[in-house]
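Colleague: here are the coordinates; sequence isn't available:
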């Protein structure tokens, strides 16, 4: 599987990042309260496959419940392009909707039952492990 760097960012363009992923991917669409409200589509990768290029100083953090997940938002436009998920504290979850779409040949979407987190959260842990 050939890996390539895909670029992306927030709505106003102040926060820019790159994520390394293949051209054919599967992302998770979660039904938890936060993801459902924001339409977040999860592309979860190890930390080594994520680079923040610009906007570090413009990120603000939101945590709740166990405070393990670090939700990061652009202070200018309010978009959460990526965050450190509770299921994968050793990686990043990038919102596919914030990645420039031209670099993908195929995107599959699978449902993830985040409403029942305690039963399903561990199902995502493998996604941030190094190959």
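Modeller: Looks like it arrived, so ask away. It should be emphasised that the depicted structure is a prediction, and the values quoted were computed from it without experimental measurement. Residues are numbered from 1 along each chain as shown.
Colleague: nearest spatial neighbour of residue 19, skipping sequence neighbours?
Modeller: The shortest distance from residue 19 to any non-neighbouring residue, by C-beta to C-beta, 6 or more residues apart in numbering, is to residue 94 (4.9 Å). Using the backbone N, CA and C atoms, a C-beta is placed for each residue, glycine as well.
Colleague: give the contact list for the one you found.
Modeller: Counting by C-beta atoms under 8 Å, 6 or more residues apart in numbering, residue 94 touches 8, 17, 19, 42-45, 50, 81-82.
Colleague: likewise residue 9?
Modeller: By C-beta under 8 Å, 6+ apart, residue 9 lies in contact with 15-17, 54-55, 81, 98.
Colleague: can you pull out the strands in this protein?
Modeller: For the chain, the strands defined by DSSP state E cover 3-9, 16-22, 24-30, 41-46, 50-54, 59-62, 70-74, 82-84, 91-95, 106-112.
Colleague: and the angle for the second one with strand 41-46?
Modeller: Relative orientation of strand 16-22 and strand 41-46, computed by axes from the mean of the first three to the mean of the last three C-alpha atoms, to 10 degrees: 80 degrees.
Colleague: so what touches strand 16-22?
Modeller: Residues contacting strand 16-22 (C-beta under 8 Å, 6+ apart): 1-9, 43, 45, 49-55, 81-82, 92, 94, 99.
Colleague: parallel or antiparallel, list what pairs with it.
Modeller: strand 3-9 (antiparallel), strand 50-54 (antiparallel) (DSSP bridges).
Colleague: same check, this time on the fourth one
Modeller: Strand 41-46 has the following strand partners under DSSP bridges: strand 24-30 (antiparallel), strand 91-95 (antiparallel).
Colleague: tell me how many other residues crowd residue 95.
Modeller: Residue 95: 21 surrounding residues under other C-beta atoms under 10 Å.
Colleague: just grab the bridge partners of it for me.
Modeller: residue 42.
Colleague: mind listing what's buried along the longest helix along the chain?
Modeller: In the chain, taking DSSP state H as the definition, the longest helix is helix 33-38. For helix 33-38, burial by neighbour count (16 or more other C-beta atoms under 10 Å) applies to residue 35.
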